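> Please work out how this folds:
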Amino acid sequence: MRPPARIACVAVALLALAAPAAGARRGPYTVLPSAIRVHDGDTFYVGAETIRLRGIDTPELGRPHSQLAARRLAALLRQGPVTIVPRLEDVYGRTVADVYVGGRSVADILRREGFAKPRVH
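You can find the predicted model right below:
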């Protein structure tokens, strides 16, 4: 192998090692409520990233009680800084995450209050 080709191979290998694997998790991060836009009762956006709450399912948009669940999620997320702990990426490319406000699990609150049912991701 010629030296320039060898250097290119080494560079590609180093980049591959440095880049996170597909679907790899990144660490927890915190955002302000103003950075969040709610889609439905278990999904919201932070910029271009779609966040799906892990462990619950709420009614889909257009189904009975879907707007109630979405409004409750929005109210919870407005209560303070929101900590997002990514766990995996689903088949739709959404980040499935544990989400906390004030140290409390948003999914647990929605489930306990009857807005969501348990779901395995």
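> Point out where the chain drops to low pLDDT.
1-25, 121 (pLDDT under 70).
> Which parts of it are strands?
Taking DSSP state E to define them, one finds strands in the chain at 29-31, 36-40, 43-46, 49-53, 56-57, 82-89, 95-101, 104-105, 117-118.
> Nearest to Ala69, out of those strands?
Of all these, strand 36-40 sits nearest to Ala69, with 7.0 Å by C-beta to C-beta. C-beta coordinates here come from the backbone N, C-alpha and C atoms, glycine included.
> Partner strands of the closest one and their direction?
strand 43-46 (antiparallel) (DSSP bridges).
> still on that earlier bit, would a markdown table of the strands of the chain with mean neighbour count be doable?
Formatted as a markdown table, the strands of the chain follow (neighbours: other C-beta atoms under 10 Å):
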| stretch | mean neighbour count |
| --- | --- |
| strand 29-31 | 13 |
| strand 36-40 | 16 |
| strand 43-46 | 18 |
| strand 49-53 | 20 |
| strand 56-57 | 20 |
| strand 82-89 | 18 |
| strand 95-101 | 20 |
| strand 104-105 | 16 |
| strand 117-118 | 10 |
